[in-house]
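**Q** sequence and computational prediction follow.
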Amino acid sequence: MAKKSDVQKIKVTQVRSTINRPEKQKRTIEALGLHRMHHSVVHNATPQILGMVDVVKHLVKIEEVK
């Protein structure tokens with residue numbers, strides 16, 4: 001069983017606006033916990049989160065957290 005410290009984490013930062021974007025992309029940004037431009041959140045790199053990030057990859061910057 002994996003320890004909590006073994007879980008890979010990613011930092012997601014919103015770098016582009018959701019104005020004039022499809023509703024699905026706006027809701028995905030909101031579901032990731034991003035509220036405004038240049039706001040960052042840290043998530044575990046689960047398949048669900050990575051899929052959400054892939055939907056809005058043109059609106060966010062992704063960094064690996066150690």
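**A** That came in fine, so what should we check first?
**Q** other residues contacting stretch 13-21?
**A** For stretch 13-21, the external contacting residues (CB atoms under 8 Å, 6 or more residues apart in numbering) are 25-26, 29, 34, 36-40, 58-63. In short, each C-beta sits where N, CA and C put it, glycine included.
**Q** for those residues, work out which two are farthest apart.
**A** 26 and 63 (22.6 Å; CB to CB).
**Q** hmm, back to that, filter the contacts of stretch 13-21 down to just the ones in strands.
**A** Using DSSP state E, the members of the contacts of stretch 13-21 that fall within strands are 40, 60, 61, 62, 63.
**Q** of these, select the buried ones using a ChimeraX command.
**A** With 16 or more other CB atoms under 10 Å as the criterion, this ChimeraX line picks the buried residues out of those:
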select :60
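**Q** make a markdown table out of the ones in strands among the contacts of stretch 13-21 and add pLDDT and distance to residue 14.
**A** Shown next, in a markdown table, are these (pLDDT from 0 to 100; distance: CB to CB, whole Å):
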| residue | pLDDT | distance to residue 14 |
| --- | --- | --- |
| 40 | 98 | 8 |
| 60 | 98 | 6 |
| 61 | 98 | 8 |
| 62 | 98 | 11 |
| 63 | 97 | 13 |
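**Q** what pairs with the spatially most central residue of the chain across the strands?
**A** In the chain, the residue lying closest to the centroid (CA atoms, centre = their mean) is residue 12, at 4.3 Å. Counting by DSSP bridges, residue 12 forms beta bridges with residue 41, residue 62.
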